[in-house]
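Enquirer: dropping a prediction and its sequence here:
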Amino acid sequence: MTIAHRLQPDTRATRERRQFDIIAAIARADAGLMIPPEKAPMVFARITKRIRQLGLADAEQYCALVLGSDGTSERRHLISALTTNVTGFFRERHHFDFLRRQILPDIVPRAKRGERIRIWSAGCSSGPEPYSIAMVLLDAFQDARDYDIRILATDIDAEVLDVARAGRYGIEQLAPLPDGYQKRFLRAPHTDGPGCPPEVAPELKQLVRFKELNLLAPWPMRGTFDLIFCRNVVIYFDQDTQMDLWSRFAGACKTGGHLFLGHSERLPQTFHGAFRPVATTTYLRTPASPPEQPPRKES
């Protein structure tokens with residue numbers, strides 16, 4: 001059999017599979033995202049708009065771009081397109097109930113004594129999660145802005161962070177706000193004329209700092225956190241990356257602090273020496289040292 005006979009024909013299906021493999025490999029290398037082949041239609045649907053914006057002919061040209069020497073900046077747009085930004089105000093409300101009833105009665109007196117309080121919303125998307133945290137905090141502690149309390153909100157997607165900083169949301173997005181919160185924490189916009197969506201109050205924005213951060217990259221934060229919300233984020237990573245992140249979260253969480261995960265996530269039993277489950281997908285950081293970080297497989 002000749003080499004020509006052994007070569008697979010360059011059909012549309014093989015081209016699309018090759019293109020998918022390129023994009024999936026970049027998503028894994030740059031952001032730790034695991035995208036199985038059955039998600040190929042979703043991948044192509046999401047990059048089609050970007051291909052048109054760039055004036056490219058097809059996905060083949062787009063793959064050539066992101067693989068080329070000038071493709072670094074475009075990879076950020078690619079990750080933005082592939083990232084799932086499902087979020088909402090007071091999503092998984094039981095976490096905010098636990099925050100209000102079980103955690104704030106301890107945090108508020110500590111803040112009044114001059115202690116530093118830090119909260120991290122990791123994978124904050126367009127901002128409803130950190131703003132929900134800020135609302136609960138201000139509801140319990142009206143003068144929170146006058147003390148050393150800050151909420152760090154990070155995401156890999158620079159585009160959704162722009163939305164978060166603007167703090168403007170449609171009426172349907174704001175529907176889950178508890179009674180009284182819309183009146184208290186929303187303001188009519190000062191620009192763009194009638195019909196512009198409401199904007200979160202300045203007191204909320206003063207508590208939250210939005211920063212771009214790839215969780216797989218080194219974390220620039222030096223101090224530890226009293227609360228870490230990382231919900232429905234880690235499920236998109238492979239197991240080695242997940243284990244690495246659990247260890248890093250253990251190191252970033254203050255003893256006595258709490259880690260909140262998403263409804264479909266559970267901290268592996270291996271880490272129950274560093275975290276103790278105290279409520280649904282809610283974990284208390286214990287005095288135990290974090291488990292030794294497992295070696296990562298070479299990609």
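Expert: Received the coordinates, thanks.
Enquirer: what sits up against stretch 233-253?
Expert: In this structure, residues lying in contact with stretch 233-253 by Cβ atoms under 8 Å, 6 or more residues apart in numbering are 28, 32-34, 84, 120, 122-123, 215-216, 219, 221, 224-225, 228, 230, 259, 261-262, 264-265, 267-268, 270-271, 274-275, 285, 290-294, 296-297. From N, CA and C alone the C-beta is placed, and that goes for glycine too.
Enquirer: part of a strand, is residue 283?
Expert: Yes: if the criterion is DSSP: H, G, I helix; E, B strand; the rest coil, then residue 283 is within a strand.
Enquirer: surely it meets residue 268?
Expert: No: look at residue 283 against residue 268 with Cβ atoms under 8 Å: they stay out of range, at 11.3 Å.
Enquirer: compare the two (neighbour count), which wins?
Expert: residue 283 (24 against 12; other Cβ atoms under 10 Å).
Enquirer: that one and residue 243, how far apart?
Expert: 15 Å (Cβ to Cβ, to the nearest Å).
Enquirer: the bottom helix or strand of the protein by mean pLDDT?
Expert: None of the helices or strands of the chain scores lower by mean pLDDT, DSSP states H and E than helix 3-6, at a mean of 46.
Enquirer: pull out the buried residues from the helix or strand just after that one.
Expert: Once helix 3-6 ends, the next helix or strand along the chain (criterion: DSSP states H and E) is helix 12-31. By neighbour count on 16 or more other Cβ atoms under 10 Å, the buried set for helix 12-31 is 16, 19, 20, 22, 23, 24, 26, 27, 28, 30, 31.
Enquirer: ok and the helix or strand harbouring residue 245 relative to helix 12-31, angle-wise?
Expert: Element membership of residue 245 [criterion: DSSP H and E] is helix 239-252. Orientation of helix 239-252 against helix 12-31 (axes from the mean of the first three to the mean of the last three Cα atoms, to 10 degrees) gives an angle of 20 degrees.
Enquirer: could you export helix 239-252 as PDB, CA atoms only?
Expert: Once non-C-alpha atoms are left out, helix 239-252 reads as follows in PDB (Å, rounded to 0.1, in the frame of the first residue of the first chain):
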ATOM      1  CA  GLN A 239      -8.500  16.500  37.400                       C
ATOM      2  CA  ASP A 240      -4.800  17.400  37.700                       C
ATOM      3  CA  THR A 241      -5.700  21.100  37.400                       C
ATOM      4  CA  GLN A 242      -8.500  20.700  39.900                       C
ATOM      5  CA  MET A 243      -6.200  19.100  42.500                       C
ATOM      6  CA  ASP A 244      -3.600  21.800  42.000                       C
ATOM      7  CA  LEU A 245      -6.300  24.500  42.500                       C
ATOM      8  CA  TRP A 246      -7.700  22.900  45.700                       C
ATOM      9  CA  SER A 247      -4.200  23.000  47.200                       C
ATOM     10  CA  ARG A 248      -3.700  26.600  46.200                       C
ATOM     11  CA  PHE A 249      -7.100  27.600  47.600                       C
ATOM     12  CA  ALA A 250      -6.200  26.000  50.900                       C
ATOM     13  CA  GLY A 251      -3.000  28.100  50.900                       C
ATOM     14  CA  ALA A 252      -5.000  31.300  50.100                       C
END
